[in-house]
Structures are given as C-alpha cells and as structure tokens.
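[1] Quick one: sequence and predicted model below, then my questions.
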Amino acid sequence: MSHDSFFAVTDWLFGIPSLLAIGLYLFGVYRSDRQERLRRWPRIRIVWWVSGVIISASALVGPLAALSHENFTWHMAGHLLVGMLGPLLLALGAPVTLLFRALPVRQARQVSRLLRSRLAGFYIHPITASVLNIGGLWLLYTTGLFEAMHHHLWLHVLIHIHVFAAGYLFTVSMLAIDPVSRRFSYAYRTVVFILVLAGHGILSKFLYAYPPDGVPIEEARTGAMLMYYGGDAVDLVMIVLLLRGWYLSAAPVRHQVLT
C-alpha cells in the first residue's frame, strides 16, 4: 500500500468516529437539557469533550499523523496527544454521566448493570488500566512492534486504538469522574499513579539511551525528552485533580472534627 493510500484509509477510519463522538455528545447534551428535573449540562464539559476529541484526532488524522510516520519526535508528540492529553480532556467531559442523563430510565439501568459487571470492573481497576497503559508502551518501544506498525496498516490502527483506549481507561481509573463499578480509595490510586509515573519516566530514559530499531539517535533523544517532560506536564494536571478530589472528599470529615 502506498504512503498516500495508507493515510487516506486511516483518515477515514479515525476521522469519522471522531465526528460521530462530537455529534453524539452534543445530542446527549440536547436530550439532557430538555429534562426539566435536571440542571443544564455544564458547558465547560462540552468544551473539554470537544477539545479532547479534536486533540486526539489531530494525532491520527491529517499532517501530524503523516509526520509521526516519518519522524520519531513527531510520533512522540502524537503519543502525548492521543494517549495522555486527549484522554484526560475526554474524561473531564464526563461522558458516562451524560449518557445516564440522556437515556430513558430502562436503558440507563442496562448501562449501569454493564458498568457493574465483573468484566468492566476488571478493565477499570487501577492496576489493570496501568498495566495496559504503561505496559503497552514498553511492549511497543522495546520490541519490533514499533517498526512493524509502519509497514502494516492493521497493526498501525490496532496500536493507536490501544494507546488511546489504555490512556482513557487509566485516566478514568485514577480520577473516577464518571460512575465506576468500584471507587478505590484516593490513597490506593495515588500509590498506583506514582508507580506508573516511575514506569513512564524510566521508559523515556531507556529510549534516550536505546532507541527503537530504525530510529536515528538524535530523533530518539528529542522524542524521549518530549515524552519525559511533556508526559510530566500532563501528569501534573492529573495529580492536581486527584489531590483536589481527595481534599474535597475529606471536607465532611474535617467539618466533623472542627465541630
């Protein structure tokens, strides 16, 4: 498959779902706002969701997708967008909460049962989500997968879907903005988050010293530094949100102590 054909296919594969994601979310907002018993859906969450879709899609569709195919530094920029920043913004959009508000009661209960299922609980568990997230990156960059994904369309698509889905699951498991099957303690999530930070930092340093096959050393070093410092910037936002949630959850306890 030629270079142009390769990206013509991926533009359609990733572009159409992105447009659908925005359209369905806005339709959900419309359905939610029509219900008099509910307050209007916060407009800032619409901004988060639309921004998250656009940022995620920008790494998979258009010029950046083509550049990331040729240059490791641009590839890493795309990784930060589709695997970290995009999922964070999407999680802030609280799509599951919106879904519950927009669906009829019967369908909402069916979704609730699905989210409480053992399978959903397994994937949303902080440990599982962390292994899928950081473990997938180690597997991608320390094996022949990275080079192979540039030659096989199906592998290219599957890997990017995994990076996005794993990043979103990890973000949701840490922040728990939407309803989840089990809400783990903030202490537990913080410990897991610290371990993932360490794994991400070690991987970026490893790539600085040992580039993936076929990647020039200078590109690898620039990309590794972008992964290290860019990842830290997104992680800092997540840390602030996690600690803010912890602080707010402890407010009733502090009030009881003071009174």
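    Cool, got the structure. Numbers count the residues shown, from 1 in each chain.
[2] drop to CA atoms for contacts and neighbour counts, all remaining ones
    Will do.
[3] What segments of the stretch 151-259 of the chain are helices?
    With DSSP state H, counting those that start in this stretch as the criterion, the stretch 151-259 of the chain has helices at 153-175, 186-209, 217-249, 251-258.
[4] Would you list the phi and psi of P179?
    phi -60, psi 140 (degrees, to the nearest 10).
[5] thinking again about what came up before, which of the helices of the stretch 151-259 of the chain sits closest to G62?
    For those, the distance to G62 is smallest for helix 153-175, at 14.7 Å, taking C-alpha to C-alpha.
[6] Any buried residues in that closest one, and which?
    156-157, 159-175 (16 or more other C-alpha atoms under 10 Å).
[7] hmm, who's touching that helix?
    6, 10, 79, 82-84, 87-88, 90-91, 123-126, 129-130, 132-133, 136-137, 148-150, 178, 189-190, 193, 238, 241-242, 245 (C-alpha atoms under 8 Å, 6 or more residues apart in numbering).
[8] again, only this time at 6 Å
    Outside helix 153-175, the residues within contact range by C-alpha atoms under 6 Å, 6 or more residues apart in numbering are 82-84, 87, 124, 126, 129-130, 132-133, 149, 189, 242.
[9] how about low-confidence regions in this protein?
    Along the chain, segments meeting pLDDT under 70 span 1-4, 251-259.
[10] Let's see that with 80 instead.
    1-8, 36, 180-181, 250-259 (pLDDT under 80).
[11] farthest-separated two in the contacts of helix 153-175?
    The widest separation within the contacts of helix 153-175 (C-alpha to C-alpha) is 34.2 Å, between M149 and L242.
[12] hang on, the earlier thing: now tabulate the helices of the stretch 151-259 of the chain in TSV and tack on distance to Y30.
    Formatted as TSV, the helices of the stretch 151-259 of the chain follow (distance: least, C-alpha to C-alpha, whole Å):
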stretch	distance to Y30
helix 153-175	24
helix 186-209	33
helix 217-249	28
helix 251-258	33
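[13] now, of the ones you listed, which is deepest in the fold?
    helix 153-175 (a mean of 21; mean count of other C-alpha atoms under 10 Å).
[14] If I take that helix and helix 186-209, what angle do their directions form?
    Angle, helix 153-175 to helix 186-209, by axes from the mean of the first three to the mean of the last three C-alpha atoms, to 10 degrees: 140 degrees.
[15] How far away from the center of its chain is helix 153-175?
    In terms of C-alpha atoms, centre = their mean, to the nearest Å, the centre of helix 153-175 is found 6 Å from the chain centre.
[16] ok, back up a step: let me have the contacts of helix 153-175 in a markdown table, adding secondary structure and distance to S117 as columns.
    Output for these, formatted as a markdown table (DSSP: H, G, I helix; E, B strand; the rest coil; distance: C-alpha to C-alpha, whole Å):
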| residue | secondary structure | distance to S117 |
| --- | --- | --- |
| V82 | helix | 27 |
| G83 | helix | 25 |
| M84 | helix | 26 |
| P87 | helix | 23 |
| I124 | helix | 11 |
| P126 | helix | 16 |
| A129 | helix | 16 |
| S130 | helix | 20 |
| L132 | helix | 19 |
| N133 | helix | 21 |
| M149 | coil | 33 |
| R189 | helix | 21 |
| L242 | helix | 25 |
